[in-house]
Structures are given as C-alpha cells and as structure tokens.
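Student: Below: sequence and its predicted model.
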Amino acid sequence: MVKVKTDLEKELSGGLWLEGKYKSGNLQNPLITIITTTFNSSKTISETFESIFAQEYNNLELIVIDGGSSDDTIKIIKNNDKKIDYWLSERDNGIYDAFNKGLNLAKGDYIGFVNSDDLLRKNALSILVEYHRKYPKIDFIFGSVEKHWGILHGYKPWKINFSWGFYSSHSCGFFIKKQPAKKIGNYDTKFRHHADWDYFYRMIKIHKLRGIGTKKNEIFGKFRRGGFSSKIKFIESILESIDIRRKNGQNILSIFLISTFRFIKNLNKIENLFDGYLSIIKKCFSN
C-alpha cells in the first residue's frame, strides 16, 4: 500500500508533527510557540537550540523555518528532529516571509521569535507565564533583552509617534497571544528591512492592542551582533521607516520632521549627505 504524503511532508521537513504528536495548553499553563528562522546558520543555531531546550517552563512548541541552507544547518536541524515540533526547509523571500510561514503554522497560545543568531535565558518562558497569569487581559509582552552594549527594556507605546525605540527587541523579547496576532495579520514583506516596525505600528496604533514590558532585570534573552538588522544601511532604514509611517496614516509633516531629526543625529552613518537628504524629501512628499 502506497502512503500518500500529507501537505506537511511534501517539502523538506520533519519534526514531531509528522508523527502525529501535537501539544496543547490551558489558561494557567499556555502553550508557547517559538519560531526560529534560519539560513546558513550552522555556526550559531546549535547554541540557539540549546537555549530553547533548556527552558524551565517546558510547555513549548518549536517551529523552525529554514530558507534553503547550503551549509550544515539542515544536518543540525535533523539531529534535533525529536525535539522540534515542526521544521521546514525551502527557498523563501526573506526573513519576514519566513516569519509569516511560522505564524501561519503556530498552534500556541503565545507566539514568539528567537532567531538563529540569538539566545534565550533558561527562565525566559517562566517569566512570560508569570506575567500571563498576573495580567490575563494583556495581548503581548516585551521582555528585556541583552545586547552587546547593555540591556534593552521597557515598553513605551507613546514613543512610536516619533521613535522606534519604544520596545526592547523583536527576537527573544516579543511574545504575542495567538488571537490578537490574527487581528494584525502577517508581516508586510514589501518592507525588506523593518516589517517588524510596521507590524508593531499596526499592533499599537491601528488595532490598539494592550501590552506590557518586563522589569529591566527580567531578561528574556541575548540579541547577538551580526544578525539581519545589523547589515542595513542607515539611509535605507530612514527611507523605509518613512514608507511605514505613510502607509499607516501618520501626518506627512511629522514624518518629515522625525526623519530630518534622525538624519541630523546620525550624519556620521550616511555616506552622501546631499543625496541622502534629497531622497528623504522626495520620499516624504512624493505621491
């Protein structure tokens, strides 16, 4: 008898789901989905996996979305097949496309991202569940995150009107309940660099979801140098942030003033000042 492959088995994939093993949660002990995106991450992904598997709170679901790696990443994923709920490897259209794949597969009560360059602290999910139990009406949580220069912490939604520095970190720090995540929808993949900012803008300004930040010493993980966000040219970052603010209906004059301030504050990061500022003007005021 020939076995017909399921949709999950049609691509290069594996994990516990293919054995029919699924997990569930409840109000007091939610299932937490962690989505890890990878591409040629063989130097770092083992440490990332170890930090996830070492969690004190163990009702978690791990989904790994690989972009078609050509190094030893797939070998490492396969070596951990019995600890991963589902993994998929296929070419994608960038990191935010991979995020969307993970989002659409996730079954957890909470969903978070731990990129293959980053690490979770062993008590991260325990802290998350403590906040979930203490603040049952919140929609999302920003945990404090360690970077090479210090600790990113807090959640100040009012800052989104003029700054992106209103939250700790997307990878390691951000966890959102599944139903509110459905309201927001997918990451907008037309934004190559900062689709997470667009996601947060919609989350806060459009859908007005309720969130909270952990205390500074309640650290979820470590955001390591050299990842996706560290490779973006600064002027590209400004221009894309203009597009995000315009898309979401922010006042054009305020966008121009915010962008000008960022430009002046970071002159040392911009190669061609005249062309850079001209591109900001055009981006703000073109139809």
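Tutor: That came through, no problem. Residues are numbered from 1 along each chain as shown.
Student: Residue 207 contacts residue 184, doesn't it?
Tutor: Yes: with contact defined as CB atoms under 8 Å, residue 207 counts as touching residue 184 (6.0 Å). For the C-beta atoms, the positions are set from N, CA and C on the backbone; glycine is no exception.
Student: more crowded one of these two?
Tutor: Higher neighbour count among residue 207 and residue 184: residue 184, with 20 against 13, using other CB atoms under 10 Å.
Student: which residues does that one contact?
Tutor: With contact set as CB atoms under 8 Å, 6 or more residues apart in numbering, residue 184 has these partners: 176, 199, 202-203, 207, 209.
Student: again, 6 Å this time
Tutor: 202-203, 207 (CB atoms under 6 Å, 6 or more residues apart in numbering).
Student: any idea how far it is from residue 15?
Tutor: Distance of residue 184 to residue 15, computed by CB to CB, to the nearest Å: 26 Å.
Student: again, but for residue 30
Tutor: Using CB to CB, residue 30 is found at 20 Å from residue 15.
Student: How about residue 45?
Tutor: 15 Å.
Student: And residue 146, by the same measure?
Tutor: Distance from residue 146 to residue 15, by CB to CB: 29 Å.
Student: Can you tell me the SS state at the residue nearest to residue 157 when sequence neighbours are not counted?
Tutor: Counting by CB to CB, 6 or more residues apart in numbering, residue 157 lies nearest to residue 204, which is 5.1 Å off, once chain neighbours are set aside. What DSSP: H, G, I helix; E, B strand; the rest coil gives for residue 204 is helix.
Student: so residue 204 makes contact with residue 156?
Tutor: No: look at residue 204 against residue 156 with CB atoms under 6 Å: they stay out of range, at 10.6 Å.
Student: Those two: which is more packed in?
Tutor: The neighbour count for residue 204 versus residue 156, taken as other CB under 10 Å, is higher for residue 204 (22 against 12).
Student: Restricting to C-alpha, output the helix or strand harbouring residue 175 in CSV.
Tutor: Using DSSP states H and E, residue 175 sits within strand 174-177. Output of strand 174-177 as CSV, limited to C-alpha atoms (Å, rounded to 0.1, in the frame of the first residue of the first chain):
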residue,chain,number,x,y,z
PHE,A,174,8.4,39.8,21.8
PHE,A,175,5.6,37.4,22.6
ILE,A,176,2.0,37.8,21.4
LYS,A,177,-1.2,35.9,22.0
